[in-house]
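Peer 1: The sequence and its predicted three-dimensional model are supplied below.
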Amino acid sequence: MDIKEIVRDNPAVFSFLRAGYAYYIVTVDGVDYEFPVSLEDIGGASLFARMKAITLMRYIRKALEDGTFVKQRISKGG
């Protein structure tokens with residue numbers, strides 16, 4: 001998957017927090033993918049519920065490299 005295709009004119013939407021990571025969802029060709037953003041790496045920067053995916057490109061690239069850019073798992077039954 002090409003990172004330019006992922007970030008070009010695409011929003012990233014906050015999904016949840018877990019174990020020091022904020023997870024965001026980005027939709028590519030109609031498929032939702034989630035990826036982690038390390039809260040430790042963010043430092044004093046702000047995270048918002050909806051951001052331009054290009055602003056999170058560093059984390060998307062890392063997730064592609066380490067296999068954590070994955071199709072969103074849909075929880076059934078709450």
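Peer 2: Nice, thanks for sending it over. Small disclaimer: the values here were computed from a predicted structure and weren't measured. Numbering: from 1, shown residues only.
Peer 1: Below-threshold pLDDT in this structure: ranges please.
Peer 2: Scanning the chain for pLDDT under 70 picks out the ranges 73-78.
Peer 1: try 80 this time
Peer 2: 1, 73-78 (pLDDT under 80).
Peer 1: Quick one: end-to-end length of stretch 45-52, please.
Peer 2: 15 Å (Cα to Cα, to the nearest Å).
Peer 1: Go ahead and name everything in contact with that stretch.
Peer 2: Contact with stretch 45-52 is made by 7, 10, 11, 12, 13, 14, 22, 24, 37, as judged by Cβ atoms under 8 Å, 6 or more residues apart in numbering. Every C-beta, even on glycine, is put in place using the N, C-alpha and C of the backbone.
Peer 1: buried ones in stretch 22-29?
Peer 2: Buried residues in stretch 22-29, counted by 16 or more other Cβ atoms under 10 Å: 22, 24, 25, 26, 28.
Peer 1: for those residues, which one is nearest residue 72?
Peer 2: Proximity of the buried residues of stretch 22-29 to residue 72 (Cβ to Cβ) peaks at residue 25, which lies at 5.7 Å.
Peer 1: In this model residue 32 seems to touch that closest one, though I could be wrong.
Peer 2: Yes. Contact status for residue 25 versus residue 32: in contact at 5.2 Å, counting by Cβ atoms under 8 Å.
Peer 1: Between those two, which contacts overlap?
Peer 2: residue 72.
Peer 1: Quote the end-to-end distance of stretch 6-24.
Peer 2: This stretch, stretch 6-24, spans 13 Å end to end (Cα to Cα).
Peer 1: for it, the distance to its chain's centre please.
Peer 2: With Cα atoms, centre = their mean, to the nearest Å as the basis, stretch 6-24 stands 3 Å off its chain's centre.
Peer 1: and if you look at stretch 25-45?
Peer 2: For stretch 25-45, the separation from the chain centroid amounts to 2 Å (computed by Cα atoms, centre = their mean).
Peer 1: And the one helix or strand residue 64 maps to, what's buried?
Peer 2: Assigned by DSSP states H and E, residue 64 belongs to helix 57-66. For helix 57-66, a neighbour-count test (16+ other Cβ under 10 Å) marks 59, 60, 62, 63, 64 as buried.
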